[in-house]
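A.B. asks: Structure of the sequence below:
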Amino acid sequence: MRAALPPGRIRASDHGRAYVSQPTERVKTDVWPGRPQPLGARFRTGPDGVEGTNFALWAGGADAVELCLFDDEGHETRCSLDELTHEIFHGFVPGIRPGQRYGYRVHGRWDPASGARWNPAKLLLDPYAKAVDGDYGRLPAEVYGHQRDHPRQDIADTVRDDRDSAPFVPKGVVVHDTETWVDDIRPKTPWADSIIYELHVRGFTTRHPAIPPELRGTYAGLGHPAAIEHLTGLGVTAVELLPVHQFAHEDHLLRRGLRDYWGYNSIGYFAPHAAYSASGTRGQQVGEFKRMVRALHAAGIEVILDVVYNHTAEASELGPTLSLRGIANPGYYRLADDPRRYADYTGCGNTLHVVQPQALRLITDSLRYWVTEMGVDGFRFDLAAALARSFHDVDMLSPFLAVIAQDPVLRRAKLIAEPWDVGSGGYQVGAFPPLWTEWNDRYRDTVRDYWRSALPDVRDLGYRLSGSSDLYAWGGRRPYASVNFITAHDGFTLRDLVSYEHKHNEANGEDNRDGSNDNRSWNCGAEGETDDPGVAALRRRQLRNMLTTLLLSTGVPMLVAGDEMGRTQGGNNNAYCQDNDISWIDWSLRDDPAWRPLLDLTRRLIRMRGEHPVLRRRAFFSGRRQGPEGIRDLGWFTAEGREMTEKDWYTPSATLGMFLSGRDIPQRDAKGRPVTDDSFLAVLHAGAEPLRFPLPAQPWADAYSLLVDTSREDQDAPPGTVHRGGDTLTVPARSVLLLRALPLAATAPPAR
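C.D. replies: Prediction:
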């Protein structure tokens, strides 16, 4: 016979069966009125100098809220929050200190037909919890607010499930972090000087041989000198971390023995994902994350978070009840015309209703917290068009964008939009307002098509190389509004892009139906890995071509971790559920003779970009003739070495020459002096045969020195490799040549 439990307690060790002693009345002792602000759990000194924690939860429309406190054995004590101020239930509990685990039970109507889904049997995560203890693993039926196993599935979501979920869900943790920022200096890298490196905290560090085993896969691992050495050696200025908000694993993945790896299934917008913590999950993850940020800042590297505010892990009406659904479903989510259902602009079952004040407040409070308290420098907003919707249509004057524009903290952060969602009218590339940069998928598609010889002409390529003025030259926007990328976490790696023409996602367990079929890839003559030396050499050349194109283009380049040294996912273009060797970086590639030259070239190009302001312009090119020589700030040349005409832009061609003038940079340095630079000529040739290219002579240049030739594995050009203007230069098949323009004096033979 089981020992009796005090009223309001549950023994969490009874996993699988919940033995609950329901209280006959709410516990009222030792709960003082407290304050309605700030929301969440805040450890502080209360009346008469008594220490404790203030709890505040907005639950619009609810009847009552119980605070549930859990001891180390999982026993639950319920305390009624009887104070109500502007729909915020609040109370101060003396003696509750940092490390205390807690959750909420919210009482109200169960009426799914009207969108009301309150169910006090479900323990709910505080949306403002700063830390989470526990993991969302397999979710049993008890975690669902409705009877998931009801015999009538057509009405299952309308029938309330009264089984207790507390034993099966993680808990929020009271946090009183003592980390400070007094010794932290934010890099504040200007947008035009930025180079973004997208990485996964776990995948980047799990196999790194120089990171101690106990730190691999964690924030501490990313902050380790060995990890930072690779970033600084590469020369990137910012890391863009795949989601680190607390997230839940999708149940259909767990049933197949897989896990959510990317993390686009958020449930806690203030909490660092606990599984990436080496130091503990009772609040220690907060300090560990801050120390990681401080270490990156000290190395001159900014931290950008990939954030998922468009939907949550609670999914559709058939999903689990973990937090917002059970707190105030109509106040947080967009409901369909039939309020029983959800409006889904994300493809994930639900969409946060950012027009609702409290949903908007949740997002902006979270963003400010990560900037001011956690030290991050910016955000990349997943499916940002969903956040810009007013009621149905995407609206660039929406409440979300307006709030961001006027917020004194957020308007100074780096803001990157993924400028689309899956709803009607959701594709908004080029439409976001000033302050915002955007992932430019037009750049991605154009560069991929060019190097696989699938562009009908070079007109679109010219726009992408020069900053995409067709998309961004309005409203005061600048070339750095375009975040240029060829690969991202979603899709093929760069190596797979030249190794596979078809996706190979069998390991995902969805019969290869998942992932995009539009990859714009070319396998160079063989599908997958091959021993053919000719195919292998061509693939490496194509990688050099694309990386060189990316790092010579005007805009903000984004690299994906591992692309610089030939990382492969074996043709999987949707590795969101592959928390294993498919996704983790293989650090042995760094010293592999086949891939080391690619890493060296990437480092060299990044260093060159940092040394030459003409490669990272802050204003769009004018294309007009300027100065006494009458050359343009940007010159375009055909395969015959003559300046492009209007007709040439519409003529099929595999070749494009681009001259960047360093004499006509419309910017000044910090002391107001004009900025000048060297001039460069880039010749991009995607043709399968070598090309005889006449080099532009005066007024463009007297001569040229060869800096980069992507046809070569070894990029060290022989000393004195100089070509005079007017000479014909052989451009190897499928290659990029980068040359520095030289004045005549630089080419004169030395005096005898």
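A.B. asks: And the average pLDDT for stretch 591-600 is what?
C.D. replies: Taken as a whole, stretch 591-600 has a mean pLDDT of 96.
A.B. asks: Tell me which residues are up against it.
C.D. replies: Contact with stretch 591-600 is made by 234, 536, 540, 543-544, 547, 564-566, 589-590, 713-715, as judged by C-beta atoms under 8 Å, 6 or more residues apart in numbering. Every C-beta, even on glycine, is put in place using the N, C-alpha and C of the backbone.
A.B. asks: from the residues you listed, which ones fall inside strands?
C.D. replies: Per DSSP state E, strands hold no members of those.
A.B. asks: Buried subset of the residues you listed as a ChimeraX selection?
C.D. replies: For the buried members of the contacts of stretch 591-600, the matching ChimeraX selection, counting by 16 or more other C-beta atoms under 10 Å, is:
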select :234,536,540,543,544,547,564,565,566,589,590,713,715
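A.B. asks: and A129, which of the three is it?
C.D. replies: The assignment at A129 comes out as coil when based on DSSP: H, G, I helix; E, B strand; the rest coil.
A.B. asks: My read is that it contacts V173, right?
C.D. replies: Yes. In this structure, A129 is within contact of V173 by C-beta atoms under 8 Å, at 6.8 Å.
A.B. asks: Closest to S679 out of the contacts of stretch 591-600?
C.D. replies: Q715 (20.4 Å; C-beta to C-beta).
A.B. asks: For my notes, please list the contacts of stretch 591-600 in CSV and give distance to S114 for each entry.
C.D. replies: Output for those, formatted as CSV (distance: C-beta to C-beta, whole Å):
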residue, distance to S114
L234, 55
A536, 63
R540, 61
L543, 56
R544, 60
L547, 55
E564, 54
M565, 56
G566, 56
L589, 56
R590, 58
E713, 67
D714, 70
Q715, 66
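A.B. asks: from the contacts of stretch 591-600, which two are the most distant?
C.D. replies: Within the contacts of stretch 591-600, L234 and A536 form the most distant pair, 23.8 Å apart (C-beta to C-beta).
A.B. asks: Okay, strands next: where are they in the stretch 251-400 of the chain?
C.D. replies: Ranges of strands in the stretch 251-400 of the chain, per DSSP state E, counting those that start in this stretch, are 266-272, 302-307, 378-381.
A.B. asks: Take these and write them to a markdown table, including mean neighbour count.
C.D. replies: Converted to a markdown table, these look like this (neighbours: other C-beta atoms under 10 Å):
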| stretch | mean neighbour count |
| --- | --- |
| strand 266-272 | 26 |
| strand 302-307 | 24 |
| strand 378-381 | 25 |
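A.B. asks: can I get these in TSV with distance to L67?
C.D. replies: Formatted as TSV, the strands of the stretch 251-400 of the chain follow (distance: least, C-beta to C-beta, whole Å):
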stretch	distance to L67
strand 266-272	17
strand 302-307	28
strand 378-381	31
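A.B. asks: May I see these organised as CSV, with distance to E438 and mean pLDDT added?
C.D. replies: As requested, those are exported to CSV (distance: least, C-beta to C-beta, whole Å; pLDDT from 0 to 100):
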stretch, distance to E438, mean pLDDT
strand 266-272, 21, 98
strand 302-307, 14, 98
strand 378-381, 10, 98
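A.B. asks: Tell me the helices and strands packed up against the helix or strand of the chain with the lowest mean pLDDT.
C.D. replies: Ranked by mean pLDDT, DSSP states H and E, the weakest helix or strand in the chain is strand 625-626, scoring a mean of 78. Applying 3 or more C-beta pairs under 8 Å, 6 or more residues apart in numbering; DSSP states H and E, one finds that strand 625-626 contacts strand 631-632.
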